[in-house]
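Trainee: I would like the atomic coordinates for the input below:
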Amino acid sequence: MKKWIVLGAALLAGCAGEPAVQDNKAATPQADSDSLQRARAFTNLAGAYYARAQYKIALDELRKAIIADSHYGPAYDVYGLIYMDLEENSLAEENFRRAIELDRNDSEARNNYGWFLCTRGRYQEGLEQFSAALRNPLYTRPEQAMTNAGLCAEKSGDLMLAEANLVKSLKLQPDNPNTILKLAALNFRQDRLPDAQRLLEHFAELAPPTAESLWLGVRLERKLGNRSQEAAYGLQLRKNFPDSNEARMLLAGQYE
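Mentor: Numbers count the residues shown, from 1 in each chain. This next block holds a predicted model:
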């Protein structure tokens with residue numbers, strides 16, 4: 001879920017292929033500052049490559065970051081994100097935990113680790129990480145952790161908590177299209193169809209259609225009995241996202 005995680009960083013000390021790193025106890029403050037700047041630059045590059053799914057290059061940049069400064073927590077966070085995408089769960093978790101050990105107030109690492117836990121079915125642990133992220137008054141993007149907490153709560157079956165978190169997220173960032181779409185889907189799931197329709201229309205004002213939004217539109221208008229609008233959504237879905245899972249469900253008539 002790359003769209004809703006925050007790039008930070010991650011590494012696994014001692015795993016095969018990783019460089020051995022030693023602390024330089026005699027380093028000067030200037031050397032420490034230079035090392036930190038290099039680690040940050042390499043980690044930022046790794047994050048950019050990660051966002052393009054160029055994992056091998058991203059890992060190479062992270063190795064450089066760790067050589068520059070083995071205590072630069074955000075590098076371990078990005079390692080965690082990469083290993084999460086590669087489904088190397090033990091490596092992902094070890095790196096996320098390492099990032100948090102280095103800075104227990106790193107809300108971005110906690111947000112990413114929380115999402116990792118939720119996608120692995122460990123909902124309560126994930127929700128605890130989101131709560132910890134949000135307890136940091138200096139966290140600059142609390143709406144992301146709130147949205148992720150909402151999605152995690154929904155996965156766990158706690159729809160009231162899910163809605164509460166999504167609504168709080170929207171209060172902080174009222175025009176976030178992804179959060180609006182998730183709240184629309186949650187309202188649809190609870191058969192609050194007019195609310196879902198209103199939110200889906202608002203999403204369409206803010207962002208181009210996605211396979212997810214069009215598929216929600218198909219099912220929503222079908223339930224409302226609006227056959228022409230249902231057909232319009234379906235046509236857009238088949239035309240613009242023919243290879244999506246949503247298009248396949250549409251063609252198979254799997255509306256539930």
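Trainee: going forward, measure contacts between C-alpha atoms and count neighbours the same way
Mentor: Fine.
Trainee: Phi, psi for the nearest residue to residue 134 once chain neighbours are set aside please.
Mentor: Distance criterion Cα to Cα, 6 or more residues apart in numbering; nearest residue to residue 134, sequence neighbours excluded, is residue 142 at 6.0 Å. Backbone torsions for residue 142, taken as degrees, to the nearest 10, come to phi -60, psi -30.
Trainee: residues contacting residue 142?
Mentor: 133-134, 169 (Cα atoms under 8 Å, 6 or more residues apart in numbering).
Trainee: For residue 233, state which of these is nearest.
Mentor: residue 169 (27.5 Å; Cα to Cα).
Trainee: now residue 94: how far from residue 88?
Mentor: To residue 88, residue 94 is 10 Å away according to Cα to Cα, to the nearest Å.
Trainee: Number of residues surrounding residue 73?
Mentor: 29 (other Cα atoms under 10 Å).
Trainee: I'd guessed it sits against residue 96; true?
Mentor: No. Residue 73 is beyond contact range of residue 96, at 9.1 Å (criterion: Cα atoms under 8 Å).
Trainee: Of residue 94 and residue 88, which one has the most company?
Mentor: Taking other Cα under 10 Å, residue 94 and residue 88 do not tie; residue 94 has more neighbours (19 against 13).
Trainee: What values do phi and psi take at that one?
Mentor: With angles defined as degrees, to the nearest 10, residue 94 sits at phi -60, psi -40.
Trainee: how much space between it and residue 52?
Mentor: 23 Å.
Trainee: now residue 207
Mentor: Relative to residue 52, and taking Cα to Cα, residue 207 is found at 21 Å.
Trainee: Also residue 46?
Mentor: 10 Å.
Trainee: Looking at these two, which is more packed in?
Mentor: Counting neighbours by other Cα under 10 Å for residue 46 and for residue 52 shows that residue 46 has the greater number, 31 against 10.
Trainee: got a list of what the more buried one touches?
Mentor: Contacts of residue 46 by Cα under 8 Å, 6+ apart are 57-62, 78.
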